[in-house]
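[1] I need the structure of the sequence given here:
(chains A and B)
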Amino acid sequence: DGGITQSPKYLFRKEGQNVTLSCEQNLNHDAMYWYRQDPGQGLRLIYYSQIVNDFQKGDIAEGYSVSREKKESFPLTVTSAQKNPTAFYLCASSINLGLGEQFFGPGTRLTVL
Amino acid sequence: AQKVTQAQTEISVVEKEDVTLDCVYETRDTTYYLFWYKQPPSGELVFLIRRNSFDEQNEISGRYSWNFQKSTSSFNFTITASQVVDSAVYFCALSEAVTNAGKSTFGDGTTLTVKP
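    Got it, this is the predicted structure:
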């Protein structure tokens, strides 16, 4: 079945550690996105990528980094520079940037201890 | 700048009641797209509908219907004869074709609780 997978579903990390969240899609979509969701709030865009080897900062990119070496993969690294990383992280993809609906993965809930 | 407002933070209804979720948007683009997504307790957002700015026809899909009115910059979502399985957080989103290079802006969501 086509879709988006994110791993792990739950992640715990100690303060000061970097952590990488995985996102893979087999929908053959060009565009991919990372969002952060805090309790009771909407989705805020962290990074997005329109095509392989290209990505752009979203609204809250500070403390995060991404790569897009393959069309199927768009991993997100939460660095120690992110002041408040505990949140629910959602990865999404669409056929192209903005014009089509986005398909979302199941999310990763990150907790910093 | 594009903006989406979902003024209703939480709505609670009893099963079989009709319920309307409001969405008001702001944009300067003439070409844009509007979306509704559902987020059940599992967390994964599910796409419900997309509308482009040139198509103001209302749409009905089973118990779901959408009312798009450019004159009031609104894109409201109605669930008829609500069911417990409709309980979720619903997000409205806007994507501008030009100004924001197609990036989507999401509202803060409306939490719908349908009681049996």
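[2] List the residues that contact the closest residue to B:V4 other than its chain neighbours.
    Take B:V4 and drop its neighbours on the chain: the residue closest to it by C-beta to C-beta, 6 or more residues apart in numbering or on different chains is B:G107, 4.0 Å away. To be clear about C-beta, it is placed using only N, CA and C from the backbone, and glycine gets the same treatment. With contacts defined as C-beta atoms under 8 Å, 6 or more residues apart in numbering or on different chains, B:G107 is in contact with A:42, B:4-6, B:23, B:91-93.
[3] how about those residues in a markdown table, adding distance to A:V78, pLDDT and neighbour count?
    Output for the contacts of B:G107, formatted as a markdown table (distance: C-beta to C-beta, whole Å; pLDDT from 0 to 100; neighbours: other C-beta atoms under 10 Å in any protein chain shown):
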| residue | distance to A:V78 | pLDDT | neighbour count |
| --- | --- | --- | --- |
| A:G42 | 20 | 88 | 18 |
| B:V4 | 26 | 95 | 23 |
| B:T5 | 29 | 96 | 15 |
| B:Q6 | 28 | 96 | 21 |
| B:C23 | 31 | 98 | 27 |
| B:F91 | 23 | 97 | 25 |
| B:C92 | 28 | 97 | 28 |
| B:A93 | 24 | 94 | 25 |
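[4] Now for residue 67: which residues touch it?
    Using chain A. Shown in contact with A:S67 (C-beta under 8 Å, 6+ apart): A:55, A:74-75.
[5] think we crossed wires, I meant chain B
    Contacts of B:N67 were listed using C-beta under 8 Å, 6+ apart, and they are B:58, B:74-76, B:78.
[6] per-residue confidence for the residue nearest to B:V4?
    The predicted local confidence for B:G107 comes out at a pLDDT of 94.
[7] number of nearby residues for A:F103?
    The number of residues packed around A:F103, counting by other C-beta atoms under 10 Å in any protein chain shown, is 20.
[8] Would you confirm that it contacts B:E44?
    No. Using C-beta atoms under 8 Å, A:F103 is not in contact with B:E44, being 9.5 Å away.
[9] Residue ranges in the chain under the pLDDT threshold?
    Reading this off chain A. Within chain A, the stretches with pLDDT under 70 are A:1, A:98.
[10] if you could check chain B rather than the one you did, that'd help
    Across chain B (using pLDDT under 70), the flagged ranges come out as B:1, B:100, B:102.
[11] Near chain A, which residues of it? Just list them.
    Within chain B, the positions near chain A by C-beta under 8 Å from any C-beta of the partner chain are B:9, B:33, B:35, B:37, B:42-47, B:50, B:91, B:95-97, B:100-104, B:106-109.
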